[in-house]
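Undergrad: predicted model and sequence below, questions to follow.
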Amino acid sequence: MLKKIKAKFILSVVLFSASIFTGIVYASPLGFVETIRENDPGTGGGDNPNRNLYFPSGISTSSDGENVYVTSLLDNALTAFSRDQVTGQLTEIDAELQSAGVDGLDGVTDVIVSPDGKHVYTIGDGDNGSGSIIETTILGFSRNTDGTLIQSSKIQDRDLAPNFEHIVGTRLAFSPDSNFLYIISSNDRTLWVFQRSSETGVLTFVQSTNTSEFPVNITDALDHARGLTVSPDGNNLYVVGTNSSAVSGGDVVVMSRDTATGEVTGMEIHEDLLNNIVDMKAPDDVVISPDGKHMYVAANGSETSSDDSVVIFTRATDGSLTYQSTVHYLDGTNDVLFSPSRISINPEGNLLYVGSDIVETVSIFKRDSDTGSITPIGFEKDDLRDLVMGSVIDMDITADGKFLYVATDQKVDGITVFDLTTDLLLEKTADKSTVGTGQTLSYNIAVSNNGASDATEVEIIDTLPTDVTFISASVTAAGGSCLLDNNTVTCLIDRVATGAGEIVTIDVTTPASEMTLTNEASVSAVQIDEDALNDVASVSTIVSNSAEPEPDTNSDSGSLGLLSLLVFSLAGFSRLRRMGKLY
């Protein structure tokens with residue numbers, strides 16, 4: 001039986017659940033690759049020689065990483081791009097057009113690639129058989145080996161009467177096994193379920209929620225549905241939308257799912273301003289963490305722009321939800337999340353991305369996998385550095401977690417591409433190659449970022465030789481810290497910007513007996529590191545009673561003398577200037 005979560009606390013308690021982050025002004029933390037615009041030369045035919053990207057409505061990447069597919073609401077088109085898996089850059093290879101006879105792409109609202117990568121699906125309008133383009137149509141396309149498309153299936157609402165009437169499709173979602181496709185309609189309070197043939201891609205109708213088997217309160221809760229997702233374990237389906245009969249308008253519908261048949265059954269509804277939930281007046285999108293433990297909702301808030309938020313729920317093993325908190329993100333008094341439209345999480349589950357349409361931003365949050373809490377680490381915004389980006393309509397992260405593709409409109413109709421990776425380089429040196437017994441020895445660790453994106457929550461771990469005695473450790477980064485625990489020094493740095501670097505110095509006392517000391521250090525960050533081989537370095541020092549200690553620097557990663565440090569600093573400054581991070 002479907003249950004509605006009841007209010008138990010007064011508003012003053014509700015407000016305690018909201019977290020407001022302000023003053024976090026790390027702009028442009030991602031690697032900007034390119035923006036492909038509608039007015040760039042493309043395959044548009046007739047009087048339109050440009051790309052078919054006017055008001056893009058959906059974007060989806062293939063699981064093999066080879067292609068990106070984009071739909072255009074006003075060009076009535078589906079465009080295929082091949083992608084360079086190293087640089088992330090796109091090349092147009094195919095365009096399916098309503099005007100070229102591909103019926104069903106008029107006003108197309110979304111696109112999705114099946115998880116197995118075999119087929120691409122869209123939902124739009126087609127010919128009703130009498131020349132009027134009013135028939136909602138689900139098109140299926142088979143992917144060729146090069147990513148180009150061949151239409152393989154077509155379903156129109158008249159084909160399925162009386163199971164459902166005219167669809168106003170908003171979003172599409174697949175089950176993790178690729179066997180079932182789910183469609184929500186924003187206007188008639190209905191969810192549709194289709195079974196998919198993995199061989200042909202043909203869809204077969206399974207279920208809709210506008211039948212008597214679904215209680216009235218679930219159909220009401222699906223009013224103006226905006227986002228949906230299937231849990232990673234395949235056991236649940238979640239839909240967010242604006243319910244006109246709810247207390248504040250926004251709600252989350254939880255459904256259990258039969259993994260064999262694809263059918264869904266209503267479980268519970270969570271409404272804004274009930275059971276402590278705050279600032280979820282108009283939710284637009286939803287995502288489940290890859291570990292299945294938490295759900296995140298991008299939502300417009302209550303009354304003011306500063307109430308726009310990410311609402312967090314804890315997910316139980318049966319799929320039921322418990323409200324956890326609401327997070328706001330302000331840059332001073334400006335709402336970085338103003339009018340959030342889309343939300344995505346990377347495959348590792350440690351980074352959350354929220355796109356906003358009015359303020360034209362992509363906000364980045366670090367996720368704690370244990371608690372589910374999120375902390376902002378920066379944002380991208382139109383007109384910062386050389387970035388040109390419009391209102392965020394849709395976005396998708398590649399399966400390897402390395403690139404983010406954002407479909408935007410208004411100021412820029414097209415696709416903005418971000419590189420999410422970093423490349424930390426660790427160099428370790430000692431101030432002497434030979435040192436006397438019982439003397440002070442200084443280890444220097446230089447960490448630089450040669451990657452596309454800023455590295456955040458940088459952690460440097462140095463396990464000291466067991467025979468030395470720790471004296472002190474320091475880091476050049478403002479706010480950085482070092483801690484000794486069981487002969488291991490751990491230093492934490494908030495971020496190392498692309499093209500920049502920091503230095504850690506560790507002082508020890510050498511042992512009383514002669515030996516060779518070997519010391520190794522490693523570095524890591526939240527982001528994917530493109531080259532893990534240069535994240536580790538070691539240095540050896542001879543401890544001798546008779547040898548005269550001499551200043552020296554030696555390392556398996558090369559020396560770090562005054563000249564190399566100066567060159568490193570100038571190179572970092574120059575790179576920041578080129579990327580527009582220094583003015």
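TA: Okay, I see it.
Undergrad: going by C-alpha atoms from here, please, whenever you check contacts or count neighbours.
TA: Fine.
Undergrad: just the helices in the stretch 101-250 of the chain please.
TA: Per DSSP state H, counting those that start in this stretch, the stretch 101-250 of the chain carries helices over the ranges 216-221.
Undergrad: the chain - how does it break down into domains?
TA: Here the domain parsing of the chain from automatic domain parsing is 3-419, 424-579.
Undergrad: ok, which stretches of the stretch 451-583 of the chain are helices?
TA: Under DSSP H, counting those that start in this stretch, the stretch 451-583 of the chain gives helices at 562-579.
Undergrad: what distance do you get for Gly378 to Lys366?
TA: Applying CA to CA, to the nearest Å, the value for Gly378 to Lys366 is 10 Å.
Undergrad: on that earlier part again, as CSV, the domains of the chain with mean neighbour count and mean pLDDT would be great.
TA: Rendered in CSV, the data for the domains of the chain read as follows (neighbours: other CA atoms under 10 Å; pLDDT from 0 to 100):
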stretch, mean neighbour count, mean pLDDT
domain 3-419, 21, 86
domain 424-579, 18, 85
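Undergrad: what sits against Asp84?
TA: Each residue near Asp84 by CA atoms under 8 Å, 6 or more residues apart in numbering is listed here: Glu66, Leu90.
Undergrad: mind checking how far it is from Ala299?
TA: Applying CA to CA to Asp84 and Ala299 gives a distance of 34 Å.
Undergrad: got it, and Asp251?
TA: 10 Å.
Undergrad: with Leu97 instead?
TA: Distance from Leu97 to Ala299, by CA to CA: 33 Å.
Undergrad: bridged to Thr314, which residues?
TA: Thr314 forms beta bridges with His294, Thr322, as assigned by DSSP bridges.
Undergrad: ditto for Phe403
TA: Beta-bridge partners, per DSSP bridges, of Phe403: Asp419.
Undergrad: doesn't Ile397 make contact with it?
TA: Yes: in this structure Phe403 lies within contact range of Ile397 using CA atoms under 8 Å: 5.8 Å.
Undergrad: ok, the closest residue to Pro283 other than its chain neighbours to Asp308 distance?
TA: Leaving aside its sequence neighbours, Pro283 sits nearest to Ala299 (CA to CA, 6 or more residues apart in numbering; 3.8 Å). According to CA to CA, Ala299 and Asp308 sit 6 Å apart.
Undergrad: what do these two both touch?
TA: In contact with both Ala299 and Asp308: Asp279, Met280, Ser339, Pro340, using CA under 8 Å, 6+ apart.
Undergrad: joint contacts of Asp251 and Ala299?
TA: With CA under 8 Å, 6+ apart as the test, Asp251 and Ala299 both reach Met280, Lys281, Ala282, Pro283.
Undergrad: give the contact list for Gly227.
TA: Taking CA under 8 Å, 6+ apart, one finds Thr170, Arg171, Ile184, Val239, Val240, Gly241, Pro283, Asp284, Asp285, Val286 in contact with Gly227.
Undergrad: now the residue nearest to Val287 when sequence neighbours are not counted, what's its secondary structure?
TA: Nearest residue to Val287 in three dimensions, chain neighbours excluded: Tyr296, at 5.4 Å (CA to CA, 6+ apart). Put simply, Tyr296 is strand when judged by DSSP: H, G, I helix; E, B strand; the rest coil.
Undergrad: correct me, but Tyr296 touches Pro283?
TA: No: applying CA under 8 Å, one finds Tyr296 not in contact with Pro283, separated by 10.3 Å.
Undergrad: gap between the residue lying closest to Leu426 once chain neighbours are set aside and Ile397?
TA: Nearest non-adjacent residue to Leu426, counting by CA to CA, 6+ apart: Val447, 4.7 Å away. Val447 sits 28 Å away from Ile397 when distances are taken as CA to CA.
Undergrad: swap in Tyr353?
TA: 9 Å.
Undergrad: tell me, what's touching the two both at once?
TA: Ser344, Ile345.
Undergrad: got a list of what the nearest residue to Thr421 once chain neighbours are set aside touches?
TA: Of all residues not flanking Thr421 in the chain, Ile528 sits nearest, at 5.0 Å (CA to CA, 6+ apart). Contacts here follow CA under 8 Å, 6+ apart; on that basis Ile528 touches Gly401, Lys402, Leu420, Thr421, Thr422.
Undergrad: I'd like those as JSON lines, with distance to Gly129 appended.
TA: Converted to JSON lines, those look like this (distance: CA to CA, whole Å):
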{"residue": "Gly401", "distance to Gly129": "44"}
{"residue": "Lys402", "distance to Gly129": "45"}
{"residue": "Leu420", "distance to Gly129": "47"}
{"residue": "Thr421", "distance to Gly129": "50"}
{"residue": "Thr422", "distance to Gly129": "53"}
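Undergrad: isn't Asp258 right up against Asn235?
TA: Yes: contact criterion CA under 8 Å: Asp258 and Asn235 qualify, at 6.8 Å.
Undergrad: and the strands in the stretch 251-400 of the chain?
TA: Secondary structure of the stretch 251-400 of the chain by DSSP state E, counting those that start in this stretch: the strands cover 264-271, 282-288, 294-300, 309-315, 321-331, 334-335, 340-345, 351-356, 361-367, 374-381, 391-397.
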